[in-house]
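Peer 1: build me a model:
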Amino acid sequence: MNSSRRVARPVLAAATALVGACAAALLTAPAATAEAYGGAARSVVTSEQDCFEFGESQGVPTSTLPAALFERFTPVLVPTNPTRTLLYLVDYVCDETSVGPGSATWPRASLTTIGIVQVLDRATGTRGAYMLWHGTTNPQLASVLTRLGAPTTVLQDADATVTDLGGGRSRVTYRVGDSAVAHSREATAVEPATEPVTTSPAGSFRYAVAGDKGLVQVAFDNSLRPTSTASSVVTVPPDSGLAPYFAHLAQPVVLTRPSASFTRGSWTGTYTLVP
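Peer 2: Prediction:
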């Protein structure tokens, strides 16, 4: 990691328009922008390079999951508590992102937050994951998801800071102020070894989400350095759109993980609309 760097939200100006009843509604990009990054295509490929990712799980009441999930999927329950499902809260920053064929690389780092739960797909009998939320500072990526009908929030108020602490350790601070997905993360991470880089089988990690136009399936091909660990503290404010998932916990929600997962690498994502 660099000795110190800051990832801030790009200025979106008039190129975006918020729709819906709340301030953190979905982004609808102008047609020209959407066409440039996927258009009417039913499948779009993204490339995210030089990323660092944190993730941890927390059991949440299955009753808090969205109704759209149950139309095709069955949540995988926590064995020790059949009223709970494990929610994975993932935050990552990538130095470079490109979206769609022939597109230019987004000229700055992108911050993305995702929430997923493990599910059983009743149509295929296979296990996978279902996306509960997606937020990104990258309007190119957001425009593709919206074009396919998948829900996403363009983060208007988000940043990340990485500080080299020496001795192969770094402090990483995420802050997402957008009400739909508001939370923060303070982490101290051990830099993983640069080798070996492991390339996963094509589409080895998948998740899906019900969108306006049908089911959007996402498959990732990963090139990852060895997994390392980090101490991480995630705070979810009471007025966050994520708070209902954690209403059973003491408020404000503070998730302290002395050994959260920490991943460095790059990945290619294929987003496919299944009407």
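
Peer 1: any stretches of the stretch 51-200 of the chain with poor pLDDT?
Peer 2: Across the stretch 51-200 of the chain, the ranges flagged by pLDDT under 70 are 101-104.

Peer 1: what about the helices in it?
Peer 2: Under the criterion DSSP state H, counting those that start in this stretch, the stretch 51-200 of the chain contains helices at 67-70, 139-147.

Peer 1: can you say which of the ones you listed is packed in most?
Peer 2: Burial of the helices of the stretch 51-200 of the chain is given as mean neighbour count (mean count of other CB atoms under 10 Å); helix 139-147 ranks first at a mean of 26. For every residue, glycine as well, the C-beta is placed using N, CA and C.

Peer 1: what's the spacing between stretch 212-226 and its chain's center?
Peer 2: Its chain's C-alpha centre and that of stretch 212-226 lie 10 Å apart, by CA atoms, centre = their mean, to the nearest Å.

Peer 1: just the CA coordinates of it, formatted as PDB?
Peer 2: Output of stretch 212-226 as PDB, limited to C-alpha atoms (Å, rounded to 0.1, in the frame of the first residue of the first chain):
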ATOM      1  CA  ASP A 212     -36.600  -4.100 -12.100                       C
ATOM      2  CA  LYS A 213     -36.100  -6.200 -15.300                       C
ATOM      3  CA  GLY A 214     -35.400  -9.600 -13.800                       C
ATOM      4  CA  LEU A 215     -32.700 -11.400 -12.000                       C
ATOM      5  CA  VAL A 216     -29.200 -10.000 -12.300                       C
ATOM      6  CA  GLN A 217     -26.500 -12.600 -11.800                       C
ATOM      7  CA  VAL A 218     -22.900 -11.600 -11.000                       C
ATOM      8  CA  ALA A 219     -19.900 -13.900 -11.400                       C
ATOM      9  CA  PHE A 220     -16.300 -13.100 -10.400                       C
ATOM     10  CA  ASP A 221     -13.000 -14.400 -11.600                       C
ATOM     11  CA  ASN A 222     -10.400 -13.500  -8.900                       C
ATOM     12  CA  SER A 223      -6.600 -13.100  -8.800                       C
ATOM     13  CA  LEU A 224      -5.800 -12.900  -5.200                       C
ATOM     14  CA  ARG A 225      -2.700 -12.600  -3.000                       C
ATOM     15  CA  PRO A 226      -2.600 -14.800   0.100                       C
END
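
Peer 1: leaving out sequence neighbours, find the closest residue to Val76.
Peer 2: With sequence-adjacent residues excluded and distances taken as CB to CB, 6 or more residues apart in numbering, Val76 is closest to Gln118, at 4.0 Å.

Peer 1: number of residues surrounding the one you found?
Peer 2: For Gln118, the neighbour count with other CB atoms under 10 Å is 19.

Peer 1: output the longest strand anywhere in the chain in PDB with nothing but the alpha carbons.
Peer 2: When the chain is parsed with DSSP state E, its longest strand is strand 253-274. Taking Å, rounded to 0.1, in the frame of the first residue of the first chain, the C-alpha atoms of strand 253-274 are listed here in PDB:
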ATOM      1  CA  VAL A 253     -24.300  -1.000  16.200                       C
ATOM      2  CA  VAL A 254     -20.500  -1.600  16.700                       C
ATOM      3  CA  LEU A 255     -19.200  -4.800  15.200                       C
ATOM      4  CA  THR A 256     -15.700  -5.500  16.600                       C
ATOM      5  CA  ARG A 257     -13.700  -8.200  14.800                       C
ATOM      6  CA  PRO A 258     -10.100  -8.800  16.100                       C
ATOM      7  CA  SER A 259      -9.500 -11.100  13.000                       C
ATOM      8  CA  ALA A 260     -11.600 -10.000  10.100                       C
ATOM      9  CA  SER A 261     -10.700 -11.200   6.600                       C
ATOM     10  CA  PHE A 262      -8.400  -8.900   4.500                       C
ATOM     11  CA  THR A 263      -7.800  -9.500   0.800                       C
ATOM     12  CA  ARG A 264      -5.600  -7.900  -1.800                       C
ATOM     13  CA  GLY A 265      -6.000  -8.600  -5.500                       C
ATOM     14  CA  SER A 266      -7.900  -7.900  -8.700                       C
ATOM     15  CA  TRP A 267     -11.100  -9.400 -10.200                       C
ATOM     16  CA  THR A 268     -13.300  -9.400 -13.300                       C
ATOM     17  CA  GLY A 269     -17.000  -9.400 -12.800                       C
ATOM     18  CA  THR A 270     -19.700 -10.500 -15.400                       C
ATOM     19  CA  TYR A 271     -23.100  -9.000 -14.700                       C
ATOM     20  CA  THR A 272     -25.900 -10.800 -16.600                       C
ATOM     21  CA  LEU A 273     -29.600 -10.000 -16.800                       C
ATOM     22  CA  VAL A 274     -31.900 -13.000 -16.600                       C
END
